[in-house]
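Undergrad: Quick one, structure for this:
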Amino acid sequence: MGKASREHIARLEAAGCDVIPNTVGRAYRADELIDALRGVDAIITGTDALTAEVIDGADALRTIAKHGVGLDNIDLEAARRRGIVVSATAGAIHDSVADHTLALLLTLARHIVEAHGDVTAGGWGGHMGMELRGKTMGIVGLGRIGKEVCLRAQAFGMRVVARPYLDEAFAATHDVVRAAGELLETSDIVSLHAAGGGAEGHLIGTAELERMKPSAFLVNTARGGLVDEAALAKALRANRLAGAGLDVFAQEPPAGSPLLGLPNVVLTPHAAGFTQEGLLRMGDMAVENCLRALRGEPPLQAV
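TA: Next comes the predicted model:
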């Protein structure tokens, strides 16, 4: 957070907080946090390993303010048991992630990476692309981000189907079709915006990929664990799927992933939410959540 904006650190200091910076330059592992959280009242966290052991050993901890949305790194039950207030920053980066989702899709549809490589190498070959107008976008998870992706897809003239969706008013207003089992079969693009996977942790595996059109694209800016990467790589190599755009991976960085080096994938380093505007909003919300909890007030978004 401090790298994104010094003003957030200054605001905490102005409120009387003694701010301890991250000293390892990455997310803390559990064994590192056990020592780092001794005597600490609050933590603003990204993906630090806040396990039950860490939380139980944090003798003074009163609040965990997530600088982000996903809570997979926090043992919520342990936090509740200790009476520690946990908060998040949902809504801070939904525009950023939705923009990135469409950027991945357009890059796939128009073969931008290959065309760039050709031109810089002195080539001038044609790369046959695909228009988005008239295509069907299947959105899995019609929450804040899924809704923004829907609006962007429709601006390109696409039809949108989705599952599941709880906001009936939004769906009716924006002509979103409720899909059941047919979403995979009918979509030209499947875009994942779900919070979690199925019983095996994967929402998209071999069986699901076989149901998709060979001409379809898969885009994932949600959670790496939603997709079975080995199954996806196999489908892409066999041309059972036209391409995939991924910003998230089961292991990050994805060292050794079977997806690396495939010509029909576009990969980005979990950067969908990484915009100046989005990070400023996220920092504002995380600091506000933290300070409210320390004052004994309800945070903006308690978990």
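Undergrad: Tell me which other helices or strands the longest helix along the chain touches.
TA: Longest helix in the chain, counting residues (DSSP state H): helix 276-294. Packing contacts for helix 276-294, counted by 3 or more C-beta pairs under 8 Å, 6 or more residues apart in numbering; DSSP states H and E, involve helix 6-14, strand 42-45, strand 63-66, strand 85-87, helix 94-109. Backbone N, C-alpha and C define where each C-beta goes, glycine included.
Undergrad: average pLDDT for it?
TA: For helix 276-294, mean pLDDT is 95.
Undergrad: Please tell me I have it right and Glu252 contacts Leu267.
TA: No. Glu252 lies out of contact with Leu267 (C-beta atoms under 8 Å); the separation is 11.1 Å.
Undergrad: More neighbours: those two, which one.
TA: Leu267 (18 against 13; other C-beta atoms under 10 Å).
Undergrad: and the more buried one, what are its bridge partners?
TA: Beta bridges link Leu267 to Leu246 when assigned by DSSP bridges.
Undergrad: Need the winner for burial among the helices and strands packed on helix 276-294.
TA: strand 63-66 (a mean of 26; mean count of other C-beta atoms under 10 Å).
Undergrad: now it, how far from the centre of its chain.
TA: Computed by C-alpha atoms, centre = their mean, to the nearest Å, the chain-centroid distance of strand 63-66 equals 19 Å.
Undergrad: So for the helix or strand that that strand is followed by, what gets flagged as buried?
TA: Per DSSP states H and E, the first helix or strand lying C-terminal to strand 63-66 is helix 76-82. By neighbour count with 16 or more other C-beta atoms under 10 Å, helix 76-82 contains the buried residues 76, 78-79.
Undergrad: quick one: contacts of helix 76-82?
TA: 50-52, 55-56, 58, 61, 64, 86, 303 (C-beta atoms under 8 Å, 6 or more residues apart in numbering).
Undergrad: contacting residues for the residue lying closest to Met130 once chain neighbours are set aside?
TA: In space, and not counting its chain neighbours, Met130 is closest to Ala109: 4.6 Å by C-beta to C-beta, 6 or more residues apart in numbering. For Ala109, the contacting residues are 129-132, 217, by C-beta under 8 Å, 6+ apart.
Undergrad: can you check Gly125 too?
TA: Asp118.
Undergrad: re the thing from before, the helices and strands packed on helix 276-294: lowest mean pLDDT?
TA: helix 6-14 (a mean of 93).
Undergrad: From the contact counts, what lies against it?
TA: helix 276-294.
Undergrad: picking up where we left off before, in TSV: the helices and strands packed on helix 276-294, plus distance to Leu279.
TA: Putting the helices and strands packed on helix 276-294 into TSV (distance: least, C-beta to C-beta, whole Å) gives the following:
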stretch	distance to Leu279
helix 6-14	9
strand 42-45	13
strand 63-66	14
strand 85-87	17
helix 94-109	8
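Undergrad: and of the ones you listed, who's closest to Ala207?
TA: helix 94-109 (22.9 Å; C-beta to C-beta).
Undergrad: Burial check on Asp118, number of neighbours?
TA: For Asp118, using other C-beta under 10 Å, the count is 15.
Undergrad: Oops, could you answer that again for Phe170 instead?
TA: Phe170: 16 neighbours (other C-beta under 10 Å).
Undergrad: Just list the residues touching it, thanks.
TA: Contacts of Phe170 by C-beta under 8 Å, 6+ apart are 142, 147, 176.
Undergrad: Apply 6 Å and report the result again.
TA: Phe170 makes contact with Lys147, according to C-beta atoms under 6 Å, 6 or more residues apart in numbering.
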